[in-house]
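Enquirer: my questions concern the predicted model and sequence given below.
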Amino acid sequence: MSVLTTSSAFTCDHLGAATPAAAHRLTVGGAAVLTRADLLAAMVSGCAQPDQAGPPVTRKCRKVLQVNGGDATRLTVDGVPVLTTTGFAALTDGQNAQPAVPPLVPPPVPPATQLSPPLTADANQIWLRGA
């Protein structure tokens with residue numbers, strides 16, 4: 001399990017990057033840990049997916065739409081679970097021309113669709129050590 005922080009890398013299928021901000025006192029390697037709310041407030045920039053009316057319809061990723069997993073079971077900040085790489089799954093508001101095969105995340109709840117691109121995470125750390 002690796003804790004996701006403000007120095008973690010979040011990318012969409014089209015190489016766009018989400019850069020969440022957080023100011024929690026709990027840090028890993030000097031970077032603040034992230035919660036679902038922190039990631040849901042993140043915008044995606046640099047997505048190479050075109051906005052296209054179709055066919056097929058596609059849409060550039062602009063923000064994180066939902067987080068479907070990755071909550072820590074014991075580690076919290078202000079009573080809220082921090083995000084980890086274990087079970088992490090998130091979607092952007094973009095739209096792929098066809099569904100990813102095989103699905104990389106569990107079926108999303110609306111307003112995301114089967115065509116919503118997943119967001120992947122790399123914690124960019126090796127060790128978590130308490131002070």
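Expert: Looks like it came in fine. Numbering: from 1, shown residues only.

Enquirer: what about A48, distance to H14?
Expert: Remark: distance between A48 and H14 (Cβ to Cβ, to the nearest Å) = 4 Å. For every residue, glycine as well, the C-beta is placed using N, CA and C.

Enquirer: could you pull up phi and psi at the residue lying farthest from the centre of the chain?
Expert: Within the chain, the residue lying farthest from the chain centre (Cα atoms, centre = their mean) is P55, at 27.8 Å. When read as degrees, to the nearest 10, the backbone of P55 gives phi -80, psi 150.

Enquirer: now S45
Expert: phi -130, psi 150.

Enquirer: what bridges to it?
Expert: Note on S45: beta-bridge partners by DSSP bridges are A17.

Enquirer: what pLDDT does it get?
Expert: S45 is assigned 96 on the pLDDT scale.

Enquirer: for D13, same thing?
Expert: For D13, the model assigns a pLDDT of 89.

Enquirer: now do the contacts for the closest residue to it other than its chain neighbours.
Expert: Nearest-residue entry for D13: P117, 4.4 Å, with adjacent residues in sequence omitted and distances by Cβ to Cβ, 6 or more residues apart in numbering. Listed by Cβ atoms under 8 Å, 6 or more residues apart in numbering, the contact set of P117 reads C12, D13, H14, Q49, C61, L91, T92, G94, Q95, N96, A100.

Enquirer: now do P56
Expert: Neighbouring residues of P56 by Cβ under 8 Å, 6+ apart: A97, Q98.

Enquirer: run the last query once more with 10 Å
Expert: Residues near P56 by Cβ atoms under 10 Å, 6 or more residues apart in numbering: Q95, N96, A97, Q98, L115.
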